[in-house]
Each structure stands twice: as C-alpha cells, then as structure tokens.
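Colleague: Quick one, structure for this:
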Amino acid sequence: MLQRLTARWYAAAAGPSLLQPLSWLYGAAVALRRGAYRRGWLAPVRIARPVIIIGNLTVGGSGKTPLTLWLAQRLRAGGAAVGILSRGYGRRTREPREVRPDSDWREVGDEPLLLCRRSGCPTVVDADRVRGARWLIARGAGVILCDDGLQHLHLARDGAIIVLDGTRGLGNGRLLPAGPLREPAAGLAAADLLVVNGAPLHPSLQELAARGVLLRMDLQGTEALPLAPGGAGRPLSSFAGAPVHAVAGIGHPQRFFGDLRAQGLTLIEHPFADHHALAPAELDFGDGLPVLMTEKDAVKCRAYADPRLWYVPVTARFSEAHERQLLAAVRAKTGDPAVAGS
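Modeller: Numbers count the residues shown, from 1 in each chain. Purely as a prediction, here's the structure:
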C-alpha cells in the first residue's frame, strides 16, 4: 500500500484522487496549528543554545540524515560542541534515550544510531524535543542539530535547512494523504537554506533552480564494508561482473539502486519500506551471492552478520562555493564563536 501511494505521490502530474478531501482536512489542521503559534496562542520554547533544524517538506528519504552528519562533522572539526537531537522514528518506546554506539536500534531508532556512530557527537532521541535539547545542553552541547523536526514548532529554532530530493522534488504538490507534502510548498520560504540532493530534475524544482537558491549536495559511496567484524572493505567496482542482491529499507530505494548501477553493478533489487526491520530470512536468497545494503539497514542487521552481507556508507559532498555558503549561513544563525571557527 505504501509503495503504491508513494508511486502516486511522486507521479509527474497529479490526477484525480479520492484522498483529496482528507488532504484538505490535513491542510486545515496544519494551518490552524501554525496560526496558533503565529498569533501567540502557543509559544515556542527557546533554549539556551542555538538550534538548527535539518528537515524536509515531503514524506520519504531526501538526504537529511547524511546532511546532518556532514554538518556535525564539519562543525565539530572546527571546535564546536555539537549535540544531535532526533525523535527516533520507528523505535519501540517514546521515552527519552541517550544514543550510544552500542545502543539497540529498537530503543533509539536506526538513523540516530547511525548518526551517533559516524559523528562521535552526543546524541539523544526524545519525542519531547525541548527536553531532549536541554539534556544535550546539560552534557555540554554548544549547538543543537535536529535531524528532522521541521514541523515540530514547540522547540524554537535559530535556523532551518530544508532538504529536497532532486528527482522527486515536491511530488504531485499535494498534502498528505493525497500527496507527499507534510505542509504546503509555501513552507519553503521559511527556510534559511534549501539543499537539493542530486541534480534538480523534477519540474517542481525548476523555478528554484533558475533563481539560484538551491545548494547542491551529492551523496557518494564508492566502497562496501562487511557487516561481519574484522573484514576489509572492497571497492564497489569489485562487485561488477556478476549479479548482486541490493537491499534498501529507506525512503527512496531507487536512489540507492541507481547509485550502485552507476558503479557498473548488476542488481537483483529488494526494496523495503522505510525503517523496515529486516529479518534474517529476508536476506537469505538461497544462492550465495553478495548482498549490498544501505548503512541505515546495516545498523539493524549486525546481530546476524555473515560474509555475504555488505553495506555501502555514503558521504555528502558539495562544491567548494556551496560548502562555504552553507557553513557561513550556519555560523550567522548560531552566533557561536566555536561554530564561527569552523
């Protein structure tokens, strides 16, 4: 059902939809909530450190987690004390949790665990983002990066970065559930920066591209790492010449598959829903061929790693000019001397 809806949401043109009345109701609820904050009936809580939101307007993967990781690493390298805050989508509890490298992903979520392991930054998951941000401050965070949370208005933000998928854009332009939008496209105007993952090919992005307001990010992965401990990595190109299984339980599996094909690989595709909890039987294809998966999937599969299983970490890349522009904008929003040194 989700895959069928996603295909409809990201179709080239929006046709008639029986779900449109529900979208109108959803849009009214979004407008009412935002209006309550705008009129002062509800008040965002400002904490003692700057908060930067990295989010998206659409359902499904856009690249916000790799961007959060990139920004955390850059700021930390410049001397900033970075804390990462997430709701921890898909975890089995709503209680606040500190994320550690050895945490159970079921308790903290797959993306926060990935961020914690790769960034080395204090990371917390909490449905109450104000409480979670205060927890990070108590542990020395000088700037808070929120992975997602664009629609969470209770925690006041100092800056907002919206990430867009270059091939899917804003989809059919409709609100949930008739389309992929979490809020109207006019919400783009509230962002301090717009980052597009890949070339801005979707028609909904053409006007933004023409205005020159999009910073382009590309996700690069050229090496596969073994899930089994102690093994060495292999260039992706070394898997060419024979079929491999490609597994992706992310918001946009086809992007992962396309990236592997660009490395010359022949794939047997296995797309799953975002945050899907892969079971050992779902990775047993009975043929002994290598299995390549995303890093987000790998954090859920280490307990039953075997020599067939590999994952492909990706790294965000920007042009030198766009990198400078992005970091300068973050420095301007935080006003933190440590961040300014990055």
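
Colleague: can you pull the buried residues of the longest helix seen in the chain?
Modeller: If you go by DSSP state H, the chain has its longest helix at helix 20-38. For helix 20-38, burial by neighbour count (16 or more other C-beta atoms under 10 Å) applies to S23, Y26, G27, V30, R34. In this view, the C-beta of every residue, glycine as well, is placed from N, C-alpha and C.

Colleague: Would you mind giving these as JSON lines with distance to G264 added?
Modeller: What follows is the buried residues of helix 20-38, written out as JSON lines (distance: C-beta to C-beta, whole Å):
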{"residue": "S23", "distance to G264": "42"}
{"residue": "Y26", "distance to G264": "43"}
{"residue": "G27", "distance to G264": "45"}
{"residue": "V30", "distance to G264": "44"}
{"residue": "R34", "distance to G264": "47"}
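
Colleague: that older thread, partner strands of the helix or strand just after the longest helix of the chain, parallel or antiparallel?
Modeller: Using DSSP states H and E, the helix or strand that follows helix 20-38 in sequence is strand 51-55. Its sheet considered, strand 51-55 pairs with strand 143-147 (parallel), strand 159-165 (parallel) by DSSP bridges.

Colleague: Of all the ones you listed, which one is nearest G198?
Modeller: strand 159-165 (7.2 Å; C-beta to C-beta).

Colleague: what about stretch 271-284, start to end distance?
Modeller: End-to-end distance for stretch 271-284, by C-alpha to C-alpha, to the nearest Å: 15 Å.

Colleague: gap between that stretch and the chain center?
Modeller: 19 Å (C-alpha atoms, centre = their mean, to the nearest Å).

Colleague: What is the burial count for the closest residue to R87 other than its chain neighbours?
Modeller: Of all residues not flanking R87 in the chain, A127 sits nearest, at 5.7 Å (C-beta to C-beta, 6 or more residues apart in numbering). Number of residues near A127 (other C-beta atoms under 10 Å) recorded here: 14.

Colleague: so what's A127 up against?
Modeller: Counting by C-beta atoms under 8 Å, 6 or more residues apart in numbering, A127 touches R87, G88, R94, P96.

Colleague: contacting residues around the residue lying closest to the last one once chain neighbours are set aside?
Modeller: Using C-beta to C-beta, 6+ apart and skipping the chain neighbours, the partner closest in space to P96 is D126 (4.0 Å). Under the criterion of C-beta under 8 Å, 6+ apart, the contact list for D126 reads L85, R87, G88, P96, R97, G132, W135.

Colleague: Turn the residues you listed into a markdown table, including distance to R255.
Modeller: Shown next, in a markdown table, are these (distance: C-beta to C-beta, whole Å):
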| residue | distance to R255 |
| --- | --- |
| L85 | 26 |
| R87 | 23 |
| G88 | 23 |
| P96 | 32 |
| R97 | 29 |
| G132 | 29 |
| W135 | 33 |
